[in-house]
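Here is a sequence together with a model predicted from it:
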Amino acid sequence: MSESLTQNNAEISDAERTEWVRTQFQKANEYLATKGIIPDNVAVSESRYLPPYVAIWKLNTREKKSFWVISGDLPTDHMAIGAAPNAREAIRAFALHWQLKAEQIIQAGVSDKTQQDFANLLVARAHGLYDLFDDEQLWQS
């Protein structure tokens with residue numbers, strides 16, 4: 001999977017990449033705002049982007065709190081910065097969290113098709129995230 005990701009990433013123009021990153025940054029900020037968290041700034045050097053698939057942001061608040069926020073071609077989500085020391089570990093933490101969340105939905109015996117589809121989406125995206133976490137080439141300096 002990650003091999004095709006890096007190939008597709010290379011096919012994106014600089015303008016498309018810039019626009020995608022800007023859009024994902026706005027998406028991450030808006031998502032946090034819906035949770036009552038107002039970001040103050042982004043730690044650019046600690047954030048990572050793989051257009052058009054995933055962005056992992058380290059966002060800081062005025063209250064001196066920091067969060068990992070994930071956005072892209074997957075559900076937007078967040079976690080406290082203490083859950084992972086860096087973007088790579090945050091990707092793995094989101095993958096594990098989504099696996100558990102999907103399992104909870106399945107174990108609850110939910111018959112709602114929307115919830116079942118969401119659980120399936122979480123599982124699929126969690127597998128993709130773990131592949132990204134596991135790809136050494138993506139994490140070289």
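Perfect, I can see it now.

Please name the bridge partners of the residue most central in space within the chain.
What sits nearest the mean C-alpha location of the chain, by Cα atoms, centre = their mean, is residue 70, with 2.5 Å. Under DSSP bridges, the beta-bridge partners of residue 70 are residue 56, residue 77.

so who does it touch?
Going by Cβ atoms under 8 Å, 6 or more residues apart in numbering, residue 70 touches 28, 54, 55, 56, 57, 76, 77, 78, 90, 91, 94. Just so you know, the C-beta spots here come from the backbone N, C-alpha and C atoms, and that holds for glycine as well.

again, only using 6 Å
With contact taken as Cβ atoms under 6 Å, 6 or more residues apart in numbering, residue 70 is in contact with 56, 77, 94.

Scan the residues you listed and report the most crowded one.
Counting neighbours by other Cβ atoms under 10 Å, the top entry in these is residue 94, with 28 neighbours.

Which helix or which strand is home to that residue?
Using DSSP states H and E, residue 94 sits within helix 87-107.

buried residues in that helix?
By neighbour count on 16 or more other Cβ atoms under 10 Å, the buried set for helix 87-107 is 87-88, 90-95, 97-99, 101-102, 105.

average pLDDT for it?
Averaging pLDDT along helix 87-107 gives 95.

can you dump the C-alpha coordinates of it into CSV?
Written as CSV, here are the backbone C-alpha positions of helix 87-107 (Å, rounded to 0.1, in the frame of the first residue of the first chain):
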residue,chain,number,x,y,z
ALA,A,87,3.9,11.9,14.3
ARG,A,88,4.9,8.3,13.4
GLU,A,89,3.8,7.0,16.8
ALA,A,90,0.6,9.1,16.6
ILE,A,91,-0.2,7.4,13.3
ARG,A,92,0.2,4.0,15.0
ALA,A,93,-1.9,5.2,18.0
PHE,A,94,-4.7,6.3,15.8
ALA,A,95,-4.6,3.0,14.0
LEU,A,96,-4.9,1.1,17.3
HIS,A,97,-7.6,3.4,18.6
TRP,A,98,-9.7,3.0,15.5
GLN,A,99,-9.3,-0.8,15.6
LEU,A,100,-10.6,-0.8,19.2
LYS,A,101,-13.4,1.6,18.3
ALA,A,102,-14.5,-0.6,15.4
GLU,A,103,-14.4,-3.6,17.6
GLN,A,104,-16.6,-1.9,20.2
ILE,A,105,-19.2,-1.0,17.5
ILE,A,106,-19.1,-4.6,16.2
GLN,A,107,-19.3,-6.1,19.7
